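Colleague: only geometry, no sequence info:
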């Protein structure tokens with residue numbers, strides 16, 4: 001299995017960039033709960049000091065839950081790593097669509113980091129398109145969460161944050177099993193949806209939910 005490459009970020013630092021942002025989202029395909037975006041800001045110092053420690057870091061979908069938690073907690077302990085999280089609600093998702101909601105989350109997460117950095121910054125984004133309304137130079141990377149170290153870090157932090165949020169929501173909205181599937185459209189989740197009907201945090205614009213209204 002390939003590990004996220006650090007080569008691109010190192011080349012960017014050598015070319016004069018002070019900061020490299022990695023941005024990724026989680027929860028786009030869920031039937032319930034928010035879409036969550038994390039933006040991380042890394043410096044060359046972080047790579048020089050910590051690249052060996054995190055050499056086994058992979059994109060969040062390729063890790064077991066306990067591995068994600070471990071990596072996330074270790075990353076957040078590092079003083080050299082600055083991060084911001086943005087959460088976009090199901091109501092907003094239903095209003096503007098999931099794609100636009102994810103882009104809004106990316107923009108907001110980057111904006112939270114903005115006061116701390118000068119403009120010699122580049123944003124690495126998982127996907128094919130740039131984010132509108134962001135003044136930094138941007139570089140979309142297809143499957144970036146599996147190729148780029150900074151994006152993999154953002155993916156893992158966002159995933160652990162969202163999983164914990166959905167576990168909390170499970171206490172407020174019991175009987176859907178949110179603590180197990182985290183809002184994804186599993187057979188169990190869809191069976192509970194059919195039996196109970198949607199709750200406040202279900203995405204009404206998603207077909208499996210909308211057909212029950």
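Modeller: All right, it came through fine. Just so it is clear, the structure is predicted and the values come from calculations on it, not from any experiment. Numbering: from 1, shown residues only.
Colleague: any idea which helix or strand carries the nearest residue to residue 204 once chain neighbours are set aside?
Modeller: Distance criterion C-beta to C-beta, 6 or more residues apart in numbering; nearest residue to residue 204, sequence neighbours excluded, is residue 94 at 5.1 Å. All C-beta atoms are positioned from the backbone trio N, CA, C, and that covers glycine. Following DSSP states H and E, one finds residue 94 within helix 90-96.
Colleague: would you mark the buried spots in the helix or strand just after that helix?
Modeller: The helix or strand immediately downstream of helix 90-96 is helix 98-113, counting by DSSP H and E. Neighbour-count burial for helix 98-113, counted by 16 or more other C-beta atoms under 10 Å, picks out 98, 101, 102, 103, 104, 105, 106, 107, 108, 109, 110, 113.
Colleague: quick check: closest non-adjacent residue to residue 193.
Modeller: Ranked by C-beta to C-beta, 6+ apart and with sequence neighbours excluded, the top spatial neighbour of residue 193 is residue 212, at 6.2 Å.
Colleague: quick check, pLDDT for that neighbour.
Modeller: What the model reports for residue 212 is a pLDDT of 94.
Colleague: give the contact list for it.
Modeller: Counting by C-beta atoms under 8 Å, 6 or more residues apart in numbering, residue 212 touches 193, 194, 197, 198.
Colleague: just give me the neighbour total for the closest residue to the last one other than its chain neighbours.
Modeller: Right, the one you point to is residue 198. Leaving aside its sequence neighbours, residue 198 sits nearest to residue 209 (C-beta to C-beta, 6+ apart; 5.1 Å). By the measure other C-beta atoms under 10 Å, the count of residues near residue 209 is 21.
Colleague: need phi/psi at residue 209.
Modeller: Taking degrees, to the nearest 10, you get phi -90, psi -50 for the backbone angles of residue 209.
Colleague: you'd agree residue 93 is up against residue 203?
Modeller: Yes. Residue 93 is in contact with residue 203 according to C-beta atoms under 8 Å; the separation is 5.4 Å.
Colleague: rewinding a little: which ChimeraX command selects the buried ones in the contacts of residue 212?
Modeller: This is the ChimeraX syntax for the buried subset of the contacts of residue 212, where burial follows 16+ other C-beta under 10 Å:
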select :193,198
